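# attaching a predicted model along with its sequence, questions to come.
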Amino acid sequence: MKFTELKALHDLPFFELLKRARAVHEEHWEKPEVQLCTLMSIKTGGCSEDCSYCAQSARHDSGLEVERLLSKEVIMERARAARATGSTRFCMGAAWRGVRGGTQRFEQVLDIVRDVSSLGMEVCVTLGELGPDEAAALKKAGVTAYNHNVDTSPEHYPNIVTTHTYDDRLRTIRNVQDAGMSVCCGGILGLGETRDDRLRMLEVISEFNPQPESVPINSLMPMPGTPLEGSDPVDPFDLVRMIAIARIAVPKAKVRLSAGRTRLSDETQALCFFAGANSIFYGDKLLTAKNPAVEKDRALLARLDLETLAPDPAMTAPSACEERPLSPCCE
């Protein structure tokens, strides 16, 4: 969807936008279901990148304790617990710039993926940059989806990260798609961006071919010691607008209400679900930030008469549209 179309949506009266988003949601997602995902940090801190929002960067004095790659036994214990509490997708994140085939740590990750995939959940990983060979190896090991957010617009990105480029992000996404994995790609609101930056971000995401299988919409959780620690909170109505526009722009994707849910009232979350969100990160911790407790999430979903989406570990990645160019490796 082009920027002018996205801007026209954003300019609609609030309830008119929600009405349109709801119609698109019901066309593509007939059942009132929400996917429950658990995100676990399997290697925390010490990252060489300088992402301004991230407490895991070694360049920021965030006070975060650095942890090496966790053992497979610890990760499997958490994965089984996630499955027992209703999660249907288990996402593993590692604070690395990227991974390289043939290294010990990449072989460890592949071994972990193979075991987690045996539990019957969807498996998602986020490990930084990937080459084509590494992407193919992850797909073979059992990865269902690869998360690699674009974070913000191409124009604003250099203000947030300088140690890699937007083109680097796009190249990894193309490698993931070429390997046959689904792409989980979204962004973060509250990075000092403008409205146009937010819409440009959605333009980039919606123009991927194929479109992402899931789109996480995060609200910045300002972390102590990072350059963005004093940032203002995202306006809840701005968040709902972005959820609604994402639903219209990427109609077949799961739109995931992600980081920042601790700051949202039940009523705001309900508006997000109405606008098109149908996936949440679920559990007590979201990488290095707090997440609403399992019991509270379950109670809210019950009050809204929302069921949980069943896992689909054999899920086929979205197909490319032959009438459009494939996702770019760079711009």
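Arrived safely. Residues are numbered from 1 along each chain as shown.

# nearest residue to the middle of the protein?
For the chain, the residue whose C-alpha lies nearest the mean C-alpha position (Cα atoms, centre = their mean) is P216; its distance is 3.7 Å.

# ok, the residue nearest to that residue when sequence neighbours are not counted to H156 distance?
Counting by Cβ to Cβ, 6 or more residues apart in numbering, P216 lies nearest to G186, which is 3.7 Å off, once chain neighbours are set aside. In short, each C-beta sits where N, CA and C put it, glycine included. To H156, G186 is 15 Å away according to Cβ to Cβ, to the nearest Å.

# buried residues in stretch 188-201?
I188, L189, G190, L191, G192, E193, D196, D197, R198, L199, R200, M201 (16 or more other Cβ atoms under 10 Å).

# repeat for stretch 141-159
Under 16+ other Cβ under 10 Å, the buried positions of stretch 141-159 are 141-154, 156-157.

# tell me which of the residues you listed fall in helices.
Using DSSP state H, the subset of the buried residues of stretch 141-159 located in helices is A141, Y157.

# and the residue nearest to the centre of the chain, what pLDDT?
pLDDT for P216: 96.

# ok, T88 - contacts?
For T88, the contact set (Cβ atoms under 8 Å, 6 or more residues apart in numbering) comprises Q35, L36, C37, M121, E122, T308, L309, A310, P311, D312.

# please convert those residues to CSV, extending it with pLDDT, distance to F106 and secondary structure.
Listed next are the contacts of T88 as CSV, based on pLDDT from 0 to 100; distance: Cβ to Cβ, whole Å; DSSP: H, G, I helix; E, B strand; the rest coil:
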residue, pLDDT, distance to F106, secondary structure
Q35, 94, 28, strand
L36, 93, 28, strand
C37, 92, 23, strand
M121, 92, 22, coil
E122, 94, 21, strand
T308, 91, 33, strand
L309, 89, 31, coil
A310, 86, 31, coil
P311, 84, 25, coil
D312, 83, 26, coil
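
# name the member of those residues with the most neighbours.
C37 (28 neighbours; other Cβ atoms under 10 Å).

# from K140, how far off is that one?
22 Å.

# kindly report the same for P311.
Computed with Cβ to Cβ, the distance linking P311 and K140 is 20 Å.

# before we move on, the earlier item: on the three-state scheme, the residue nearest to the centre of the chain is what?
Here P216 is strand, with the state taken from DSSP: H, G, I helix; E, B strand; the rest coil.

# got any ranges where this structure has weak pLDDT?
Along the chain, the model assigns pLDDT under 70 to residues 64-65, 283-292, 329-331.
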